[in-house]
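> can't give you the sequence, but here's the structure:
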């Protein structure tokens with residue numbers, strides 16, 4: 001499978017993209033595909049550039065944030081600062097922050113950037129007599145002498161960048177390359193994970209210091225004030241959270257969000273998922289500036305024609321994890337048969353056959369599910385979806401909705417469409433791909449959270465309402481199960497494929513990005529998370 005190109009090859013490229021291509025072709029592809037990342041390195045660079053990016057701060061002999069372009073070579077860009085010398089010629093000053101390298105050293109991409117800026121000004125009829133890199137961390141100016149070789153190389157890089165962006169597949173990742181260790185896009189690119197083998201060099205950034213905000217108090221109202229989410233009820237403040245700590249928002253039941261808060265969340269690319277009080281996901285909102293449009297087009301084509309290889313992995317990993325749950329927490333007599341079914345799923349000849357295998361596994365798993373609940377605990381006969389007929393099923397329904405919310409956020413973070421799936425049918429108007437991705441996480445995250453909450457007394461009969469024969473969680477029960485799920489999804493485990501420590505929530509996004517890698521041509525195959 002290959003994705004659509006991120007450029008046409010005819011439209012101008014930016015100087016920044018060419019410089020990124022010079023550093024790493026895949027980095028340029030990710031930038032052009034709309035992948036954005038907040039990192040210390042990026043934030044420092046933006047902060048240090050503020051004086052140069054203000055076009056109103058113009059002195060008589062200095063031009064700031066000057067837009068330039070070269071129609072013949074086919075690129076556009078901006079000069080941080082241009083000094084007008086006494087003879088009327090120009091000297092280009094490029095601002096650079098070095099929070100990672102820590103050295104005031106001019107690199108090849110910097111030379112390329114200066115050469116393109118100089119060539120553009122020359123094409124605009126100006127005379128350039130000097131180029132300087134100003135290292136903001138060191139407060140040091142370093143002069144750069146450009147020769148004909150620099151200009152020829154820069155022009156060839158413009159052409160190469162255009163060819164890269166107009167290709168039908170993403171460039172390959174760098175292999176064991178030191179550039180990856182200082183690249184801000186490493187967490188999106190995942191260069192060492194694409195081989196689907198244990199990672200010996202961990203360059204992925206740590207999990208973000210942020211959380212999913214669950215709004216679950218009926219009748220409450222959430223708004224934004226001075227950079228914080230303010231939650232009130234009956235005109236009294238009941239909670240307040242800094243927006244910088246919010247990774248996503250889940251709204252449960254009768255909770256209102258102001259338009260200002262929704263707008264601010266979307267500006268910050270923070271997804272909002274709405275659920276009913278019984279745990280049914282009813283909708284979501286995300287920013288319209290979604291990355292990887294080419295891969296998304298490939299996803300639609302693949303969903304229409306089928307990707308049996310992906311569907312096999314979703315089911316096989318799910319059955320394997322169900323076997324592991326029973327082996328660790330209950331009666332293990334069904335474990336060998338579940339593992340056999342997991343192996344059978346990897347060779348299934350159709351999605352219909354996969355559903356048969358999955359159904360056989362579900363019957364075995366839930367027949368032995370009571371063995372994982374403590375003696376004297378809640379009663380559980382069989383799996384019932386909606387309406388739930390007992391507290392365990394009500395808890396499972398709600399936990400599956402929490403998991404689905406996380407999978408929707410992970411899929412949207414990659415720029416994929418949650419509704420175009422490969423196992424679940426896209427024609428049923430459900431978030432099929434998010435449901436696909438959730439399969440391998442149901443047992444280790446949702447089932448585990450419910451079982452632990454009942455077994456340690458976090459949930460009990462008083463946390464459920466059984467009026468009219470249908471069982472649902474009370475407000476207190478919802479909050480307790482949300483807390484149990486959040487503790488689980490934030491816990492750390494060893495990723496079975498890559499063998500490094502990671503939180504479960506980060507693992508969901510890793511798996512979503514592995515699906516993306518299959519769609520954009522970066523990987524040949526997909527491997528699900530299988531707990532041991």
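Cool, the structure landed. All values derive from a computational prediction rather than experimental measurement.

> residue 230: neighbour count?
Counted by other C-beta atoms under 10 Å, the residues lying close to residue 230 total 17. C-betas here are computed from N, CA, C, even on glycine.

> how about it, what does it touch?
Contacts for residue 230 (C-beta atoms under 8 Å, 6 or more residues apart in numbering) come out as 222, 223, 224, 237, 239, 240.

> the second one belongs to a strand?
Yes. With DSSP: H, G, I helix; E, B strand; the rest coil as the criterion, residue 223 is part of a strand.

> of the contacts of residue 230, which is the nearest to residue 128?
Among these, residue 224 lies closest to residue 128 (C-beta to C-beta), at 46.6 Å.

> ok, residue 190 - how many residues close by?
Using other C-beta under 10 Å, residue 190 has 23 neighbouring residues.

> is it correct that it is in contact with residue 509?
No. Judged on C-beta atoms under 8 Å, residue 190 makes no contact with residue 509 at a distance of 10.0 Å.

> scan the contacts of residue 230 and report the most crowded one.
Per-residue neighbour counts (other C-beta under 10 Å) across those peak at residue 222, which has 22 neighbours.

> closest one of the contacts of residue 230 to residue 12?
Using C-beta to C-beta, these come closest to residue 12 at residue 224, 37.7 Å.

> okay, now the unreliable bits of the stretch 1-150 of the chain?
For the stretch 1-150 of the chain, the stretches flagged by pLDDT under 70 are 1-4, 6-9, 38-59, 99-102.

> which stretches of it form strands?
13-14, 62-70, 75-84, 90-96, 128-135, 140-143 (DSSP state E, counting those that start in this stretch).

> what residues go with each domain of the protein?
13-189, 211-285, 293-519 (automatic domain parsing).

> skipping its backbone neighbours, what lies nearest residue 394 in space?
residue 388 (3.9 Å; C-beta to C-beta, 6 or more residues apart in numbering).

> same deal with residue 514?
residue 526 (5.4 Å).

> that neighbour belongs to a helix?
No. Counting by three-state DSSP, residue 526 is located in no helix; its state is coil.

> any idea of the mean pLDDT for stretch 496-514?
Averaged across stretch 496-514, pLDDT comes to 94.

> can you give me the end-to-end span of it?
Counting by C-alpha to C-alpha, to the nearest Å, you get 14 Å between the two ends of stretch 496-514.

> over to stretch 135-143?
First residue to last in stretch 135-143 (C-alpha to C-alpha) measures 11 Å.

> per-residue confidence for the residue minimising distance to the centre of the chain?
Geometric centre of the chain, nearest residue: residue 413, 3.7 Å, by C-alpha atoms, centre = their mean. For residue 413, the pLDDT comes out at 92.

> show me the contacts for it.
By C-beta under 8 Å, 6+ apart, the neighbours of residue 413 are 271, 509, 512.

> want to try JSON lines for those residues, with secondary structure and distance to residue 330 as columns?
Output for these, formatted as JSON lines (DSSP: H, G, I helix; E, B strand; the rest coil; distance: C-beta to C-beta, whole Å):
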{"residue": "271", "secondary structure": "coil", "distance to residue 330": "35"}
{"residue": "509", "secondary structure": "helix", "distance to residue 330": "30"}
{"residue": "512", "secondary structure": "helix", "distance to residue 330": "30"}
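
> of the domains of the chain, flag the one that's most buried.
Of these, the one with the most neighbours on average (mean count of other C-beta atoms under 10 Å) is domain 293-519, at a mean of 20.

> now do it: distance to the chain's middle.
In terms of C-alpha atoms, centre = their mean, to the nearest Å, the centre of domain 293-519 is found 19 Å from the chain centre.

> give me the distance between the two termini of it.
Where domain 293-519 begins and where it ends lie 11 Å apart, using C-alpha to C-alpha.

> equivalent analysis for stretch 123-140, please.
End-to-end distance of stretch 123-140: 29 Å, with C-alpha to C-alpha as the criterion.

> and stretch 282-294, by the same measure?
Stretch 282-294: ends 27 Å apart by C-alpha to C-alpha.

> and stretch 266-279, by the same measure?
23 Å.

> just checking, residue 497 touches residue 196?
Yes. Using C-beta under 8 Å, residue 497 makes contact with residue 196 at a distance of 6.0 Å.
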